[in-house]
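Enquirer: coords below, sequence missing:
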């Protein structure tokens, strides 16, 4: 049989890798059967619906081949968690399909799985299944994350209403600037701010706790992955509304303030850059006090940056109330 | 913004591909929101548990780069459906994460998505989400399939008991021989038998209907993906039992009979070859009549090929009752 060969190092076949690095990640999910059965079996709480999302990361596209394995693991899992957060879902479990190049090392896998284990604790999720295969190409990691949301209460992109305020969590643009820092395009920023921006690019902070608290409060929500303006555009399109945001009200980190103070052309990176994985949501003005309370409880800034109106599209205005023209609306694959 | 570019042909960015080829596949799942939201929301029937599986296919590893797109689609979806079948689960929905090379063509995507649409009808499943990204490497397709099983009734690998009969559905070894046919290693077989074997390799036939009927009948089940002996070995290991199967009772297709009649060394391909995606299950002798009835109802042969006993490991005996030695036990990735 051409397809069957003996192994020299038992760790380096799919069964060895699964047993050593991935099966331990299922410890908290008895229904994962330690990855030894054909599929996982999970209970779904009554009165809840299942929330399902899947994101793939390709080496050389979504992370650099040199990226530390712990940051690769963090990004792979957290971009999926961010989608659950945007729906207001509580994490249930995830599958990991890892297409690994033949030269992946035990130490890489060790650091990768240790990072997943840490994130599982932080975000209350557990590995329940997946697949491990060899690829002659770049490492490709696909996670499918499952969550639960009380029936009929999920946060959607389509619920924004004229009169709503538009909020964002945290600070905006750090990941786009972080990617520039990774590429060496922000010289002279200083070590500490540079490291902060890189970390924001490498380690999204999925706003799970915020999503849960916004159930019944927000009318619409999305996670900012394509860029602030692009993602607000998705909300407007899905809701059949328009939005106006005030560039001066966009919350910036100290690092981002430093960068834009030196050169205000970086503002376009902040408006259009992806990968922040903050939540953008809309809520009626009557919810302002509740939202302030949520912000205080979570120790997470929630900043109103604009309003929803009738019409369509996103308008960004500057300090003088003048519209800022935007050539770019976010990141797309497959462009020439 | 380096990351944002204008598009020439709107079909060939991720949004265009999703809208044109993948969103229509979600029509039967309102909770997929036509792939326009952050995640899908699915109801889970009361009294049921969720069954979750994920398999990845890499071009050049799991299918040839020249493979017709309809067979690639069929294989990607059906290997996952086969895992649901092995658990006795009813299909609910699936996500597709497609890492596509930049030169993928509209006609390829058209045939690929048409094949998925046909299989969705055949097997009662629907696309509910996923991701579309570009890869500089080989096409990599990851599907995560969800199913439902009545609580506590799922088929497991671990339930085989001494005294059980070992059954297989359909015929065994065709996919392994089909791979040889694809590689031109079975000259002189004749066009019709050759085409039959290739089709068995390209188009697994997930035994969803059988899995559902085996709930409460079979003590253990697995789908044959690593090979008959290897997968029976997985059942024995999980159940803490041994198995003896009779090589002469293994059901062979006309094509496989023709091949082995000419050269009995092909028997090892039949015992060890993967990718048949038939179900192997064990059931007590008292279930024999019910199993015959299921076979008649489904017009699908269900053949007893051996017995479960005390001990460990799989023994294959020949026509004279002598053990056949097996060097190979199925397909593994990552071997040197």
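Expert: In hand now; what should we look at? Just so it is clear, the model here is predicted, and its values are computed rather than measured.
Enquirer: hey, what's the residue nearest to residue A:72 when sequence neighbours are not counted bridged with?
Expert: Using Cβ to Cβ, 6 or more residues apart in numbering or on different chains and skipping the chain neighbours, the partner closest in space to residue A:72 is residue A:63 (5.2 Å). For glycine as for every other residue, the C-beta is placed from the backbone atoms N, C-alpha and C. Counting by DSSP bridges, residue A:63 forms beta bridges with residue A:59.
Enquirer: Show the contacting residues for residue A:63.
Expert: A:57, A:71-72, A:75 (Cβ atoms under 8 Å, 6 or more residues apart in numbering or on different chains).
Enquirer: separation between it and chain B?
Expert: 12 Å (Cβ to the nearest Cβ, to the nearest Å).
Enquirer: what do you get for residue A:116?
Expert: 15 Å.
Enquirer: who are the neighbours of whichever strand or helix holds that residue, in terms of helices and strands?
Expert: Using DSSP states H and E, residue A:116 falls within helix A:106-123. If you count contacts as 3 or more Cβ pairs under 8 Å, 6 or more residues apart in numbering or on different chains; DSSP states H and E, helix A:106-123 packs onto helix A:69-87.
Enquirer: Report the buried residues of whichever helix or strand comes after the helix it packs on.
Expert: Along the chain past helix A:69-87, the next helix or strand (assigned with DSSP H and E) turns out to be strand A:90-101. Across strand A:90-101, burial judged by 16 or more other Cβ atoms under 10 Å in any protein chain shown covers A:90-100.
Enquirer: ditto for stretch A:112-120
Expert: A:112-113, A:115-117, A:119-120.
Enquirer: which one of those is nearest residue A:321?
Expert: residue A:119 (42.8 Å; Cβ to Cβ).
Enquirer: Excluding chain neighbours, what is closest to that closest one?
Expert: Residue A:119 sits nearest to residue A:77 (Cβ to Cβ, 6+ apart), 5.2 Å away.
Enquirer: My read is that that neighbour contacts residue A:94, right?
Expert: Yes. Contact criterion Cβ atoms under 8 Å: residue A:77 and residue A:94 qualify, at 6.8 Å.
Enquirer: okay, and the common contacts of these two?
Expert: By Cβ under 8 Å, 6+ apart, the residues touching both residue A:77 and residue A:94 are A:125, A:143, A:145.
Enquirer: Quick check: bridge partners of the second one?
Expert: Beta-bridge partners of residue A:143, counted by DSSP bridges, are residue A:55, residue A:96.
Enquirer: is it true that it touches residue A:75?
Expert: No. Using Cβ under 8 Å, residue A:143 is not in contact with residue A:75, being 10.1 Å away.
Enquirer: Those two - which one has more neighbours?
Expert: A side-by-side neighbour count of residue A:143 and residue A:75, using other Cβ atoms under 10 Å in any protein chain shown, places residue A:143 first with 29 against 23.
Enquirer: What residue in chain A comes nearest to chain B?
Expert: Using Cβ to the nearest Cβ, the single residue of chain A nearest to chain B is residue A:137, 2.2 Å away.
Enquirer: what about that residue, neighbour count?
Expert: 22.
Enquirer: Identify the spatial nearest neighbour of it, chain neighbours not counted.
Expert: Once flanking residues are discounted, residue A:137 sits nearest to residue B:137: 2.2 Å by Cβ to Cβ, 6+ apart.
Enquirer: again with residue A:248
Expert: Using Cβ to Cβ, 6+ apart, the nearest residue to residue A:248 is residue A:319, at 5.0 Å.
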